[in-house]
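[1] 3D, please:
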Amino acid sequence: MAAIFQGVGAAAALSSSLSNSFDSKKLLFSPRRSFSVRKGASSVVVRSDGSVNLDLNPKGRRAQQLIANAVATKADSSAAPSSSKPGHELLLFEALQEGLEEEMERDPHVCVMGEDVGHYGGSYKVTKELAEKFGDLRVLDTPIAENSFTGMGIGAAMTGLRPVVEGMNMGFLLLAFNQISNNCGMLHYTSGGQFTIPVVIRGPGGVGRQLGAEHSQRLESYFQSIPGIQMVACSTPYNAKGLMKAAIRSENPVILFEHVLLYNLKERIPDEDYICNLEEAEMVRPGEHVTILTYSRMRYHVMQAAKTLVNKGYDPEVIDIRSLKPFDLYTIGNSVKKTHRVLIVEECMRTGGIGASLTAAITENFQDYLDAPIMCLSSQDVPTPYAGPLEEWTVVQPAQIVTAVEQLCQS
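    Coordinates of the predicted model:
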């Protein structure tokens, strides 16, 4: 193992044309900074304006029902055609890949490891062509041994590298829970500040298209109680790239949650370099009547419901919390003080989920501003069924969101 990471450090030093040898101690005590497409498969491209490009493969139609027409704005202004706007269009998985590639070019200490991340390009092509560009030492294919390569990534971070560890599916990272909990989150504290752990752990999760119970895990609630770890969830190509870059630059261990159904979401993003704040929520739609807090895929179910609500005369304020740990209580609190009503919409399980923690935080800090009890719509506490209709029943649908807002606003 030591020989492998000596090789990674050597390759990193050569690629940056540094004349001095790598000294990991400079990073150990540095001050903290804040900061596959298969043949015959269907292709679903959902643009940020809600339009959908869908091939004729019937397997893709269910995805169109789930996330089509999913963006609503308060005022529909006459926008210029997307082709005339500055920037470039990317799918979400391409935005993640672009952010990762830019950081690997910027910092020779950034490396990637995981199953099939090398010449195959990753299960969802987030690491496509990176092995050809940066070599096999910086883009390291690993055996099917999540506990081992996650621990290897944490150890690499202790020596001064900045590993990005990919879990082929977030459910598989349960096998590495000991490494993430006892080492990744706690080593900075238990070493008396001698070590920082600048590692990013990322991968797809959430309810997909009939992937079965074991491949439809929502593990946000599993990791939220681990001290020392930050958690973020991307929902658009813009924030996917910005959060990826910010997570890599952070001195803290960061878990980046990606949703398997959002990889083909398309959006125009800026050409210039940018990062997103890891601790900041995003105001998706300003409103006056009710605050709707959500993240990841449920952002699009909420925005689909927002269209119906606007037609019924309601004015919902939609916030994508993005930072799952810590919560951005500044943005959330200002919204609660304005609307006095809160609805939380999540795909996580109801018992012990992100919504439960968010409800507690709002109650503790903003109870006096609430005119109605907080409502939380979550997935049912059952294993995700394989059957498509049953699978949809286990997660929150737009009609349920509309009904909940109507009940809140009438109370």
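
[2] can we go C-alpha only for contacts and neighbour counts from here?
    Noted.

[3] all strands of the stretch 151-300 of the chain, in order?
    Along the stretch 151-300 of the chain, counting by DSSP state E, counting those that start in this stretch, strands occupy 162-166, 200-205, 230-233, 254-259, 265-269, 282-285, 290-294.

[4] In CSV, list those along with distance to T403.
    Shown next, in CSV, are the strands of the stretch 151-300 of the chain (distance: least, Cα to Cα, whole Å):
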stretch, distance to T403
strand 162-166, 38
strand 200-205, 27
strand 230-233, 26
strand 254-259, 25
strand 265-269, 27
strand 282-285, 19
strand 290-294, 13
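
[5] Could you dump these into JSON lines with mean neighbour count and mean pLDDT added?
    Shown next, in JSON lines, are the strands of the stretch 151-300 of the chain (neighbours: other Cα atoms under 10 Å; pLDDT from 0 to 100):
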{"stretch": "strand 162-166", "mean neighbour count": "27", "mean pLDDT": "97"}
{"stretch": "strand 200-205", "mean neighbour count": "24", "mean pLDDT": "95"}
{"stretch": "strand 230-233", "mean neighbour count": "26", "mean pLDDT": "97"}
{"stretch": "strand 254-259", "mean neighbour count": "25", "mean pLDDT": "96"}
{"stretch": "strand 265-269", "mean neighbour count": "22", "mean pLDDT": "96"}
{"stretch": "strand 282-285", "mean neighbour count": "18", "mean pLDDT": "97"}
{"stretch": "strand 290-294", "mean neighbour count": "27", "mean pLDDT": "98"}
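
[6] R218: which of those is closest?
    Smallest distance to R218 across those (Cα to Cα): 6.1 Å, for strand 200-205.

[7] Touching the closest one from outside, list them.
    Strand 200-205 has contacts (Cα atoms under 8 Å, 6 or more residues apart in numbering) with 162-171, 215-219, 247-248, 253-260.

[8] quick one: the longest strand anywhere in the chain to strand 290-294, angle?
    When the chain is parsed with DSSP state E, its longest strand is strand 342-349. Per axes from the mean of the first three to the mean of the last three Cα atoms, to 10 degrees, the angle that strand 342-349 makes with strand 290-294 is 20 degrees.

[9] which is the next helix or strand following strand 342-349?
    Going down the chain from strand 342-349, the next helix or strand is helix 354-366, by DSSP states H and E.

[10] From the contact counts, what lies against that following helix?
    For helix 354-366, the packing partners by 3 or more Cα pairs under 8 Å, 6 or more residues apart in numbering; DSSP states H and E come out as helix 329-339, strand 342-349, strand 375-379.

[11] From the chain's centroid, how far away is it?
    Chain-centre distance of helix 354-366: 21 Å, with Cα atoms, centre = their mean, to the nearest Å.

[12] For E214, give me the pLDDT.
    E214 carries a pLDDT value of 86.

[13] ah, wrong one, I meant S221
    89.

[14] go on, D271?
    D271 is assigned a predicted lDDT (pLDDT) of 95.

[15] Quick check: closest non-adjacent residue to it.
    G87 (4.8 Å; Cα to Cα, 6 or more residues apart in numbering).

[16] list the contacts for that neighbour?
    Going by Cα under 8 Å, 6+ apart, G87 touches 268-271.

[17] tell me the centre residue of the chain?
    Closest to where the C-alpha atoms of the chain average out (Cα atoms, centre = their mean) is A233, at 2.6 Å.

[18] Name all residues that make contact with that residue.
    256-258, 295-296, 322-324.

[19] ok, now with 6 Å
    256-257, 296, 322 (Cα atoms under 6 Å, 6 or more residues apart in numbering).

[20] Now compare the residues you listed and name the two farthest from each other.
    The largest separation in the contacts of A233, counting by Cα to Cα, is between L256 and S296 at 11.0 Å.

[21] one step back: tell me the one of the contacts of A233 nearest N182?
    For those, the residue nearest N182 by Cα to Cα is L256; the value is 18.7 Å.

[22] tell me how far the ends of stretch 256-273 are from each other?
    20 Å (Cα to Cα, to the nearest Å).

[23] Also stretch 119-133?
    End-to-end span of stretch 119-133 (Cα to Cα): 10 Å.

[24] One more: stretch 179-198?
    End-to-end distance (Cα to Cα), stretch 179-198: 14 Å.

[25] Use 52 as the first number for this chain going forward.
    Noted, 52 is the first residue going forward, which turns the last one into stretch 230-249.

[26] where does this structure have low pLDDT?
    Where the chain drops to pLDDT under 70, the residues are 52-135.

[27] for the nearest residue to S386 once chain neighbours are set aside, which residues make a bridge with it?
    Excluding the flanking residues, the one nearest S386 by Cα to Cα, 6+ apart is T342, at 6.4 Å. Applying DSSP bridges to T342 gives these bridge partners: E368, V393.

[28] shouldn't T342 be in contact with H391?
    No - T342 is not in contact with H391 according to Cα atoms under 6 Å; the separation is 7.7 Å.

[29] what sits against A227?
    Contacts for A227 (Cα under 6 Å, 6+ apart) come out as 197-198.

[30] quick one: it and K388, what's the gap?
    Distance from A227 to K388, by Cα to Cα: 41 Å.

[31] next one: G259
    Separation of G259 from K388 (Cα to Cα): 36 Å.
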